[in-house]
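Undergrad: can't give you the sequence, but here's the structure:
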Ligand SMILES: Cc1cc2nc3c(=O)[nH]c(=O)nc-3n(C[C@H](O)[C@H](O)[C@H](O)COP(=O)(O)OP(=O)(O)OC[C@H]3O[C@@H](n4cnc5c(N)ncnc54)[C@H](O)[C@@H]3O)c2cc1C
């Protein structure tokens, strides 16, 4: 790696003995874990090769702290520069490793796998995470040929503009209009009010020259619903905004520093009719409107976005867990027995309770996110064959998983930050940056509560199917069982309890909606008043899916492909995850099965036992995630454990320390102190 030009480094070349001690104590082979986590030897080898190629000449001076000390404009410029440097490297790697493929460029461009190359963020994230796929799924093959291919090669760059200043969640409330003009065979786009301005889309401000705009389609002044339009917004040569386009950046945010989220207003902007994405709904030249065969198809590109977000947020949690766990192996503070030396903070059981459940959660969530992606691709294949019956389930499952993975990661990263005490509050720990990025996922691509309510609707429909004796979607197949025979506390029993609690809560919500309607409330009022139970049922549905999938991965057929030592570690992590999930949901579980004080004590004992078993392996498990130091971007989490030197070096390099006396001393502080009041 490139060396620092910030003066001679004080960071030792040796590994801190406290962290080395952890590695020596591990009961399994870290490489086995890394191979399993990354899906086999070929994947792991390629991942490492890509990382070492990308990070080989990286500018080590670009740290999270140094980027954050820049102005908004400078951060944007740095983000653009870094993102394009990465794009260039990935294009080369694609040619070298898999010519003609898309797995490296653009596959790795926008995820967190190579964040270390872009500490200021990536203004093209939405372009690759959603836009290209939206054109593929919502556009015709010819449209993909015309726009999608150019977008895929970054010959054009587009934002995905759905949210407006006045409306985000409520799609039908969008005010942007697209009126069809049959005389010229064009759509005319308008932003009728200030609240109709598009607001928030990533890359829209100054990076994109196209935008996929969600607008209300009107033919002869009659509304036909929301459709997607590919709108050129800047000149492809000069990058000047096109006539009728009012565009800019929304300003500084909690995070997403260099992502260039923007606003867009349109005044009589004309685009050809063929710029409306028409795979499903169509407008013909004479103004005939052909409806989509299934309304939900219009939202399918969001399902893809949710799969992507779910997986990414689990990576953010894994990064944070690695940082906090390594730090906890090096940090010594206080002692357990007064006369003995200071202990590593990881020896405190309360510290283990902050760290290890987050390690377990990122593993469980990650495995479920991968399963979700498999199901998404299955549904995609079904749609191509004209089979639409799986759409309801994949929509609900992707909503539930997006909520679980984003809320688990945001809450988890905050817990991990607290686990690092004061130093966790430093920008150079990278924990605040990780938190602000993870928590944005709770809002974008469907606000989490709103998504849970949509899952709740799917569960209500499923419960009605149970009562009508109709078959259920596979992930809700357990909904008929609202009571459990017996509590044993085994792993299978805990998963069954979570499923049963989901069923119970679902039926409870359905009963309460019916009772409210019986008492004279409208369906909307009854559903709103039952919102708390509906969202609880939805969360339980998500947690049940994750738990059942984790159990299957650890104890199912895949166990045969792993070493006994690795299986033992995974069983330990599974036990911790399930026992904690049972204790967290005890208020729901005791409603569906007889559970005694003794049973709860036994769960508590299992929790403590699993923390203890995980203690010698915690650092090694995080090593097994296999993040290179550059991708952690943290003074606290480096592999060598030289925490204090890194923290101090970063502080010394703070731009404020360049001069011994700041200018403001002469201009303000001194005159004020000398003035006599
Ligand atoms: C970092 C970031 C990046 C973004 N990128 C993009 C992008 O690329 N493209 C784009 O189009 N948009 C983008 N957005 C916008 C984002 O998608 C919306 O902010 C999001 O969908 C939430 O909508 P909202 O802002 O209207 O929230 P609101 O819906 O106003 O939510 C506010 C509160 O109201 C509650 N609420 C709203 N409706 C209901 C309801 N029906 N029932 C119960 N409670 C309700 C919510 O639960 C929440 O508590 C981005 C946002 C952020 C923060």
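TA: Yep, it's here. Just so it is clear, the model here is predicted, and its values are computed rather than measured.
Undergrad: hey, let's count contacts and neighbours off CA atoms from now on
TA: OK.
Undergrad: sec struct for the residue in the stretch 301-450 of the chain that the ligand sits nearest to, please.
TA: Here the stretch 301-450 of the chain gets closest to the ligand at one residue, residue 444, 3.6 Å apart by Cα to the nearest ligand atom. Assigned by DSSP: H, G, I helix; E, B strand; the rest coil, the conformation of residue 444 is coil.
Undergrad: how close does it get to residue 141?
TA: 28 Å (Cα to Cα, to the nearest Å).
Undergrad: For these two, work out which one has more neighbours and name it.
TA: The neighbour count for residue 444 versus residue 141, taken as other Cα atoms under 10 Å, is higher for residue 444 (17 against 14).
Undergrad: Name the residue of the stretch 201-350 of the chain that lies nearest to the ligand.
TA: residue 201 (3.2 Å).
Undergrad: Tell me which residues touch that residue, please.
TA: 159, 160, 161, 162, 163, 261, 262, 263 (Cα atoms under 8 Å, 6 or more residues apart in numbering).
Undergrad: Would you double-check that residue 226 falls in a strand?
TA: Yes - according to three-state DSSP, residue 226 belongs to a strand.
Undergrad: Mind listing the residues bridging to it?
TA: residue 216 (DSSP bridges).
Undergrad: correct me, but it touches residue 218?
TA: No - the pair residue 226 and residue 218 does not pass the contact test of Cα atoms under 8 Å, sitting 9.2 Å apart.
Undergrad: returning to that earlier point: quick one, grab the pLDDT at the residue of the stretch 301-450 of the chain closest to the ligand.
TA: Per-residue confidence (pLDDT) for residue 444: 95.
Undergrad: Report pLDDT for the nearest residue in space to residue 138 that is not next to it in sequence.
TA: Excluding its sequence neighbours, the residue lying closest to residue 138 (Cα to Cα, 6 or more residues apart in numbering) is residue 279, at 5.2 Å. Confidence at residue 279, expressed as pLDDT, is 92.
Undergrad: next one: residue 2
TA: 36.
Undergrad: Over to residue 384?
TA: 85.
Undergrad: ok, it - how many residues close by?
TA: 10.
Undergrad: Got phi/psi on residue 187?
TA: Dihedral pair for residue 187: phi -100, psi 150, per degrees, to the nearest 10.
Undergrad: That one: what's it in contact with?
TA: With Cα under 8 Å, 6+ apart, residue 187 has these contacts: 178, 179, 180, 181, 270, 271, 272, 273.
Undergrad: Please narrow those to those residing in strands.
TA: The strands, defined by DSSP state E, take in 178, 179, 180, 181, 270, 271, 272 from these.
Undergrad: Which one of those is nearest to residue 52?
TA: Nearest to residue 52 out of the ones in strands among the contacts of residue 187 is residue 271 (Cα to Cα; 44.6 Å).
Undergrad: Check which helix or strand the residue nearest to residue 458 when sequence neighbours are not counted maps to.
TA: Excluding its sequence neighbours, the residue lying closest to residue 458 (Cα to Cα, 6+ apart) is residue 396, at 6.4 Å. Here residue 396 sits within helix 391-419, counting by DSSP states H and E.
Undergrad: Need the three-state assignment for residue 610.
TA: Put simply, residue 610 is helix when judged by three-state DSSP.
Undergrad: List the contacts of it.
TA: 572, 573, 575, 576.
Undergrad: chain center to the lengthiest helix in the chain: distance?
TA: Scanning the chain for the longest helix, with DSSP state H as the assignment, gives helix 349-384. In this view, helix 349-384 has its centroid 11 Å away from the chain centroid, taken as Cα atoms, centre = their mean, to the nearest Å.
Undergrad: who does it touch, helix- and strand-wise?
TA: helix 300-330, helix 391-419, helix 531-555, helix 564-584, helix 597-614 (3 or more Cα pairs under 8 Å, 6 or more residues apart in numbering; DSSP states H and E).
Undergrad: Please identify the most buried of these.
TA: Counting by mean count of other Cα atoms under 10 Å, helix 300-330 has the highest mean neighbour count of the helices and strands packed on helix 349-384, with a mean of 26.
Undergrad: most neighbours, which of the contacts of residue 201?
TA: residue 159 (31 neighbours).
Undergrad: Give the partner strands of the helix or strand where that residue lies in its sheet and their orientations.
TA: Residue 159 is part of strand 158-161 when elements are defined by DSSP H and E. Within its sheet, strand 158-161 is paired with strand 210-219 (parallel), according to DSSP bridges.
Undergrad: could you dump the contacts of residue 201 to CSV with distance to residue 29?
TA: Output for the contacts of residue 201, formatted as CSV (distance: Cα to Cα, whole Å):
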residue, distance to residue 29
159, 44
160, 44
161, 47
162, 47
163, 48
261, 44
262, 47
263, 51
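Undergrad: could you redo the residues you listed as CSV and give each row distance to residue 9 and pLDDT?
TA: CSV is the format used below for the contacts of residue 201 (distance: Cα to Cα, whole Å; pLDDT from 0 to 100):
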residue, distance to residue 9, pLDDT
159, 42, 97
160, 44, 96
161, 46, 97
162, 48, 95
163, 47, 97
261, 37, 98
262, 40, 98
263, 43, 98
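Undergrad: For residue 75, grab the count of nearby residues.
TA: Counted with other Cα under 10 Å, residues neighbouring residue 75 total 22.
Undergrad: so where's the stretch 501-650 of the chain uncertain?
TA: Of all residues in the stretch 501-650 of the chain, none has pLDDT under 70.
Undergrad: List the buried residues for stretch 247-254?
TA: 247, 248, 249, 250 (16 or more other Cα atoms under 10 Å).
Undergrad: Could you do stretch 339-357 as well?
TA: Neighbour-count burial for stretch 339-357 flags 343, 344, 345, 346, 347, 351, 352, 353, 354, 355, 356, 357 (criterion: 16+ other Cα under 10 Å).
Undergrad: Skipping adjacent residues, who's closest to residue 390 in space?
TA: residue 379 (6.4 Å).
Undergrad: likewise residue 166?
TA: Using Cα to Cα, 6+ apart and skipping the chain neighbours, the partner closest in space to residue 166 is residue 195 (4.4 Å).
Undergrad: Could you list the contact residues of the stretch 51-200 of the chain toward the ligand?
TA: Where the stretch 51-200 of the chain comes near the ligand, counting by Cα under 6 Å from any ligand atom, the residues are 126, 160, 161, 162, 163, 167, 168, 169, 200.
Undergrad: Correction: the previous question concerned the chain.
TA: Residues of the chain lying near the ligand (Cα under 6 Å from any ligand atom): 126, 160-163, 167-169, 200-202, 440, 443-447, 449-450.
Undergrad: hang on, the earlier thing: which one of the buried residues of stretch 339-357 sits closest to residue 293?
TA: Of all these, the one with the least separation from residue 293 (Cα to Cα) is residue 357, at 44.6 Å.
Undergrad: Am I right that the residue of the stretch 201-350 of the chain closest to the ligand is in a helix?
TA: No - assessed with three-state DSSP, residue 201 is coil; it does not lie in a helix.
Undergrad: distance of it from residue 251?
TA: Residue 201 is 12 Å from residue 251, by Cα to Cα.
Undergrad: Need the residues touching each of those two.
TA: If you check residue 201 and residue 251 against Cα under 8 Å, 6+ apart, the residues they both contact are residue 261.
Undergrad: Kindly reformat the helices and strands packed on helix 349-384 as JSON lines containing distance to residue 363.
TA: Output for the helices and strands packed on helix 349-384, formatted as JSON lines (distance: least, Cα to Cα, whole Å):
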{"stretch": "helix 300-330", "distance to residue 363": "8"}
{"stretch": "helix 391-419", "distance to residue 363": "11"}
{"stretch": "helix 531-555", "distance to residue 363": "8"}
{"stretch": "helix 564-584", "distance to residue 363": "9"}
{"stretch": "helix 597-614", "distance to residue 363": "14"}
